[in-house]
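Colleague: based on what follows, work out the 3D shape:
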Amino acid sequence: MSLIENRDQARRLARAIVSDVAIYNRDKVEQGIKEDNIFELLNDALTEGREHFESRVTPEIATSNIFDIAVVDVLIKRAGKIESTIW
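Modeller: Prediction:
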């Protein structure tokens, strides 16, 4: 399998991976937003997701902030409706 070189394709991949993390960990996302410890609760899932992303893209893209931006856009911004002191 060839590595993804296109940044737009890499963004789509990152967003899909983070979406899967959010879907399969809904309770942890809600708890993590409410208790302001989402990154601790999802550490294993996000680490696994990042490793998968990095295995599918070129080294240049792997060292970019594309995956981190996807985490904020997909995981954090979408959780904005959850009541929390962090908002």
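
Colleague: in the chain, which helix has the most residues?
Modeller: helix 7-24 (DSSP state H).

Colleague: give the buried residues for it.
Modeller: Residues of helix 7-24 classed as buried: 10-11, 13-15, 17-18, 21-22 (neighbour count, 16 or more other C-beta atoms under 10 Å). All C-beta spots, glycine's among them, are computed from the backbone N, C-alpha and C.

Colleague: which of the residues you listed lies closest to Val57?
Modeller: Among those, Ala10 lies closest to Val57 (C-beta to C-beta), at 5.0 Å.

Colleague: residues contacting the closest one?
Modeller: 4, 53, 57, 61, 64, 66 (C-beta atoms under 8 Å, 6 or more residues apart in numbering).

Colleague: what is the neighbour count of the last one?
Modeller: Pointing back at Ile66 there. By the criterion of other C-beta atoms under 10 Å, Ile66 has 19 neighbours.

Colleague: what's near enough to touch it?
Modeller: Taking C-beta under 8 Å, 6+ apart, one finds 7, 10-11, 14, 53, 57 in contact with Ile66.

Colleague: how about the fourth one?
Modeller: For Ile61, the contacting residues are 4-5, 7, 10, by C-beta under 8 Å, 6+ apart.

Colleague: for the protein, what helix or strand is lowest in average pLDDT?
Modeller: Among the helices and strands of the chain, helix 26-35 carries the lowest confidence by mean pLDDT, DSSP states H and E, at a mean of 92.

Colleague: which parts of that one are buried?
Modeller: Buried residues in helix 26-35 (16+ other C-beta under 10 Å): 28-30, 32-33.

Colleague: Arg15 versus Ile69, what's the distance?
Modeller: Counting by C-beta to C-beta, to the nearest Å, the gap from Ile69 to Arg15 is 9 Å.

Colleague: right, I'll leave it there.
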